[in-house]
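>>> missing the sequence, but the structure's below:
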């Protein structure tokens, strides 16, 4: 079955690169910055702001999910919603539009949850031990060794908080995904091959 | 690399069967009831009691981990420890003895955590959606349809509680394992093949 592959990942696990190589290998469209650009265009917010807010900032309104549901039905957006919620609503819409176009690879943005009612998703979570994430963050992201562990934890804490807020699920629980992989053990190429073999079935 | 494969699983996911078929396929010793029998023999408790207590009952002493450490050093066991802790200590010892003997497949019993310092483990978590676990529990375990969901949740809650108590980790978090699989999507044979292909690398 041709699948929509969502890749959620711990910061420093190489999940984004795995997704990129996977898309290339399977000849599928790849949505990472591309998705953020679409949300920025449709929402009128700057790309940087969308990037930060759409994955890391929990919104302030506890009535968010009710609001989203009612706005979808009305096809409108309330003016008094917090900006993070507005971005999340546009992001939700863009991810569904992308999924409507067919198989692809989508990085992050709670896409696993947003597309949860679709039968043809393969939801993947990529993680790694701190020692492996540390090495990756220092070598590839250029983060200073003495602040890298704090930076890694902070980013994942923000992701977890955002995910919890919008999905009411615990970020990183194996049961949210179809397949979870330790990229430190399997390696970047190993993860790409494993996901590709499963996605083709 | 020849690996020790630990399989943790949600109740009803078929993880035990996956482990059994995997051990057969890879021609490795399989430890499930076998492990419980060894713990029963070494601890002097009945098998049923060991089976129930060694995976589902959190102990009462909050000083357990300190106690285990000191008893291992002294080679003795304090008489005033709760029975659940005594069983856990013997289980810990037996799992390490099994691991010393070489590659094998071990089901449950927090073996992923107990063997966490060893380099040659492949820790797997098997889960499935409620609808798939329901069907499995009704068809294969003979649980009544009207109480199956409650029974499934109760058992996993006890596992999570036991795991949390002895490991200080959250049961079912992808990052505790190297590989997590949805047996509903991949099927029992699919999971066996996937784990086998990874374990052989």
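Received it, and whenever you're ready, just let me know what you need. Keep in mind it's a predicted model, so treat the numbers as computed, not measured.
>>> how many residues are close by residue A:56?
Under the neighbour criterion other C-beta atoms under 10 Å in any protein chain shown, residue A:56 is assigned a count of 17. To be clear about C-beta, it is placed using only N, CA and C from the backbone, and glycine gets the same treatment.
>>> same thing with residue A:200?
Residue A:200, neighbours per other C-beta under 10 Å, totals 10.
>>> show me what contacts the closest residue to it other than its chain neighbours?
The spatially closest residue to residue A:200, leaving aside those adjacent along the chain, is residue A:26, at 7.7 Å (C-beta to C-beta, 6 or more residues apart in numbering or on different chains). Counting by C-beta atoms under 8 Å, 6 or more residues apart in numbering or on different chains, residue A:26 touches A:103, A:105, A:196, A:199-200.
>>> likewise residue A:49?
With contact set as C-beta under 8 Å, 6+ apart, residue A:49 has these partners: A:40, A:87.
>>> tell me which element it is part of?
helix A:47-56 (DSSP states H and E).
>>> from the centroid of chain A, which residue is nearest?
Nearest to the geometric centre of chain A sits residue A:108, at 0.8 Å (C-alpha atoms, centre = their mean).
>>> surely that residue is in contact with residue A:55?
Yes - between residue A:108 and residue A:55 there is a contact under C-beta atoms under 8 Å: 5.6 Å.
>>> shared neighbours, the two?
Residues touching both residue A:108 and residue A:55 (C-beta under 8 Å, 6+ apart) are residue A:159.
>>> give the buried residues for the helix holding residue A:49.
A:49-51, A:53-56 (16 or more other C-beta atoms under 10 Å in any protein chain shown).
>>> over to stretch A:29-47?
Going by neighbour count (16+ other C-beta under 10 Å), the buried part of stretch A:29-47 is A:30-32, A:35-36, A:38-40, A:42-43, A:45.
>>> average pLDDT for it?
Model confidence over stretch A:29-47, given as mean pLDDT, is 92.
>>> and the contacts of it?
With contact meaning C-beta under 8 Å, 6+ apart, stretch A:29-47 is reached by A:16, A:19-20, A:23-24, A:49-51, A:53-54, A:83, A:86-87, A:90-91, A:93-95, A:98, A:101, A:104-109.
>>> just the buried ones from those residues, in ChimeraX syntax?
The ChimeraX command for the buried members of the contacts of stretch A:29-47 (criterion: 16+ other C-beta under 10 Å) is given here:
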select /A:16,19,20,23,49,50,51,53,54,86,87,90,91,93,94,95,98,104,105,106,107,108,109
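>>> mind checking which of the contacts of stretch A:29-47 land in strands?
A:104-107 (DSSP state E).
>>> surely residue A:95 and residue A:112 touch.
No - contact criterion C-beta under 8 Å: residue A:95 and residue A:112 do not qualify, at 10.2 Å.
>>> about what we covered before: for the contacts of residue A:26, which two are the farthest from each other?
For the contacts of residue A:26, the farthest-apart pair by C-beta to C-beta is A:105 and A:200; their separation is 13.5 Å.
>>> what residues does chain A have near chain B?
A:10, A:122, A:125, A:127, A:170, A:172-175, A:177-182, A:185-186, A:190, A:194, A:197-198, A:201 (C-beta under 8 Å from any C-beta of the partner chain).
>>> now with 6 Å?
A:125, A:127, A:172-175, A:178, A:180, A:182, A:185 (C-beta under 6 Å from any C-beta of the partner chain).
>>> now those as CSV including secondary structure and pLDDT?
CSV is the format used below for the residues of chain A next to chain B (DSSP: H, G, I helix; E, B strand; the rest coil; pLDDT from 0 to 100):
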residue, secondary structure, pLDDT
A:125, strand, 98
A:127, strand, 98
A:172, coil, 95
A:173, strand, 97
A:174, helix, 98
A:175, helix, 96
A:178, coil, 97
A:180, strand, 98
A:182, strand, 98
A:185, helix, 95
